[in-house]
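missing the sequence, but the structure's below:
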């Protein structure tokens, strides 16, 4: 649904200002590639924090504690 909305928004931009729409079409992959390292660092950081959480909560889990599902 989000990609369809983005496409409609781009079509409106293309009708209003075609040069800006083409610039956005060309700049989007460049910006995505530039931001990719930050996304990878975020995934790595999340994984390290989840690992540390599991390590800290391991004794409680071994004693039978379960996190609430609510």
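Ah, there it is. Not measured: the values here are computed from a predicted model. Residues are numbered from 1 along each chain as shown.

okay, CA-based contacts and neighbour counts for the rest of this
Will do.

show me the contacts for residue 50.
The contact partners of residue 50, taken as CA atoms under 8 Å, 6 or more residues apart in numbering, number zero.

okay, it: pLDDT?
Looking at residue 50, its pLDDT reads 95.

cool, residue 70 as well?
62.

where along this structure do the helices fall?
Listed in chain order, the helices of the chain (DSSP state H) span 2-16, 18-62.

and residue 18, how far from residue 59?
Residue 18 is 61 Å from residue 59, where distance means CA to CA, to the nearest Å.

so the two - more neighbours on which side?
Using other CA atoms under 10 Å as the criterion, residue 18 and residue 59 rank with residue 18 on top: 14 against 11.

next up, the contacts around the more buried one.
Contacts of residue 18 (CA under 8 Å, 6+ apart): none.

against residue 32, how distant is residue 63?
Taken as CA to CA, the span from residue 63 to residue 32 is 45 Å.

which of those two has more neighbours?
Applying other CA under 10 Å to residue 63 and residue 32 shows that residue 32 carries more neighbours, namely 11 against 8.

so what pLDDT did the residue lying farthest from the centre of the chain get?
Centroid-distance maximum for the chain: residue 63 at 35.4 Å, with CA atoms, centre = their mean. On pLDDT, residue 63 comes in at 87.

for it, what are phi and psi?
phi -90, psi 0 (degrees, to the nearest 10).

can you tell me how far it sits from residue 51?
Distance from residue 63 to residue 51, by CA to CA: 19 Å.

same deal with residue 39?
Taken as CA to CA, the span from residue 39 to residue 51 is 18 Å.

one more: residue 21?
From residue 21 to residue 51 the distance is 43 Å (CA to CA).

if you count surrounding residues, which of the two has more?
residue 21 (18 against 12).

just give the closest residue to the more buried one, not the sequence neighbours.
Distances taken as CA to CA, 6 or more residues apart in numbering put residue 14 closest to residue 21, at 5.0 Å, once the chain neighbours are dropped.

list the residues that contact that neighbour.
20-22.

tell me which of those residues is nearest to residue 7?
For the contacts of residue 14, the minimum distance to residue 7 (CA to CA) is 11.0 Å, reached by residue 21.
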